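>>> okay, structure incoming, though there's no sequence with it:
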């Protein structure tokens, strides 16, 4: 039996509820970060977050329908808003990305994301939330790749989705094998040359 | 805190003991496969295997010093002896590999290997055993890549280790994101073109 496939369903955060009360959303996420820091990723349960945030569980479930969705939202909050660098060169955009994300993952965030990947292997809700996150990252990479194709740095016949997934594959692989000390330039060079 | 890094230590199976009694080794692995099938990867403990094999725990520990090492040995046993195809073309070698391994992973073995990766994120022994396994696979790929470089299909200045890791990164990424229905040829083409 393969790991749960997230492709059959889709996850949507109930964004209407979130928009109605962004302060409450922020307070709950903040409480979730506290729980995560104190108890680790496995301790991040809906109950623990509700207690810490002094919120009703129904409120939490309204915005994050599963524990997996909440885990990924917490990871996103720790991570902050990250836009891909637009250095004007695809190879430098790639190198900057690897350097940024590996430095970030060498902290607590790496442990959280590695455990999201780990839990996704046996928990279908976490797998779904991870997949939604992955698709967001793929979409962001497609913009970088589109720019690179316009500049002629990436072959026109390259399918952006395939290249985007290859980049993310390399990043995640380094995380899950605990090798985050590689220089971004070293990883970027063969990728940039390979798809040129 | 990043996931446990396996690079600081090395795992060696105590092969002298194994060589002295290959039947006992095979019997224990066979018992471990039974435990795995009945109880899933998390149920594969040294105690459970000892009970199933009617063997002393000391015997098991002599050959597989950690549960992680035993898990990987069991995976290797389910997987059987797999040599990379030598089709005479790098791209077909790659396509054959992806097709083979994805078909294999769509069965129980994929679940076992995904859970080995998952456990490696929080269990240093499993991380070590996984890393030893990864290095074996890298070594096997280096032979395939060396052949491809001799034939001029892969650029001479490509570092085989970097290319080998990229290939494995793509394979593992498809496993952990539950997307094993991709055709090998589709994945092989950009890799082969990219490093040519």
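Nice, thanks for sending it over. Computed from a predicted structure; not experimentally measured.

>>> what sits against the spatially closest residue to residue A:144 that is not a sequence neighbour?
Nearest non-adjacent residue to residue A:144, counting by C-beta to C-beta, 6 or more residues apart in numbering or on different chains: residue A:84, 5.0 Å away. (Each C-beta comes from the backbone N, C-alpha and C, glycine too.) Residues in contact with residue A:84 (C-beta atoms under 8 Å, 6 or more residues apart in numbering or on different chains) are A:93, A:96-97, A:140-141, A:143-144.

>>> likewise residue A:173?
Taking C-beta under 8 Å, 6+ apart, one finds B:165, B:168-169, B:172-173 in contact with residue A:173.

>>> so of these, which ones are in helices?
Residues of the contacts of residue A:173 located in helices (DSSP state H): B:165, B:168-169, B:172-173.

>>> would JSON lines of these with pLDDT be doable?
Formatted as JSON lines, the ones in helices among the contacts of residue A:173 follow (pLDDT from 0 to 100):
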{"residue": "B:165", "pLDDT": "93"}
{"residue": "B:168", "pLDDT": "96"}
{"residue": "B:169", "pLDDT": "96"}
{"residue": "B:172", "pLDDT": "97"}
{"residue": "B:173", "pLDDT": "97"}
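
>>> report the central residue of chain A.
Centroid-nearest residue in chain A: residue A:133, 4.9 Å away (criterion: C-alpha atoms, centre = their mean).

>>> ok, back up a step: which of the ones in helices among the contacts of residue A:173 sits closest to residue A:120?
residue B:173 (12.1 Å; C-beta to C-beta).

>>> state the distance from the closest one to residue A:166.
8 Å (C-beta to C-beta, to the nearest Å).

>>> check residue A:86 too.
Distance from residue A:86 to residue A:166, by C-beta to C-beta: 20 Å.

>>> the two: which is more packed in?
More neighbours surround residue A:166 than the other of residue A:86 and residue A:166, with 22 against 12 (other C-beta atoms under 10 Å in any protein chain shown).

>>> leaving out sequence neighbours, find the closest residue to that one.
Nearest to residue A:166 is residue B:170, by C-beta to C-beta, 6+ apart, at 6.4 Å.

>>> over in chain A, which residue gets nearest chain B? Let me know.
residue A:194 (2.7 Å; C-beta to the nearest C-beta).

>>> ok, for that residue, nearest residue in space, not its chain neighbours?
That would be residue B:194: by C-beta to C-beta, 6+ apart, it lies 2.7 Å from residue A:194.

>>> for the one you found, list the residues it contacts.
A:190-191, A:193-195.

>>> outline the domain layout of chain A.
By the record's domain assignment, chain A is partitioned as A:6-78, A:85-194 (automatic domain parsing).

>>> mind putting the ones you listed into CSV with distance to residue B:128?
What follows is those, written out as CSV (distance: least, C-beta to C-beta, whole Å):
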stretch, distance to residue B:128
domain A:6-78, 21
domain A:85-194, 10
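
>>> deepest-packed of those domains, please.
domain A:85-194 (a mean of 19; mean count of other C-beta atoms under 10 Å in any protein chain shown).

>>> ends of it, how far apart?
20 Å (C-alpha to C-alpha, to the nearest Å).

>>> residues contacting residue A:99?
Contacts of residue A:99 by C-beta under 8 Å, 6+ apart are A:183-184.

>>> helix, strand or coil for it?
The three-state assignment at residue A:99 reads helix, by DSSP: H, G, I helix; E, B strand; the rest coil.

>>> and the helices in chain A, which stretches?
Under DSSP H, chain A gives helices at A:15-20, A:22-39, A:46-53, A:57-63, A:67-79, A:90-105, A:108-120, A:124-150, A:160-176, A:184-194.

>>> run the chain-centre distance for the second one.
Translated: helix A:22-39. Distance of helix A:22-39 from the chain centroid (C-alpha atoms, centre = their mean, to the nearest Å) equals 18 Å.

>>> the residue lying closest to residue A:100 once chain neighbours are set aside: how many residues sit nearby?
In this structure, residue A:100 finds its nearest non-sequential neighbour in residue A:82, 7.2 Å apart by C-beta to C-beta, 6+ apart. Residue A:82 has 13 neighbours, counted by other C-beta under 10 Å.

>>> just the ones in helices among the contacts of residue A:173 now: which is nearest residue B:116?
Distances from residue B:116 to those, taken by C-beta to C-beta, are shortest for residue B:172, at 10.6 Å.
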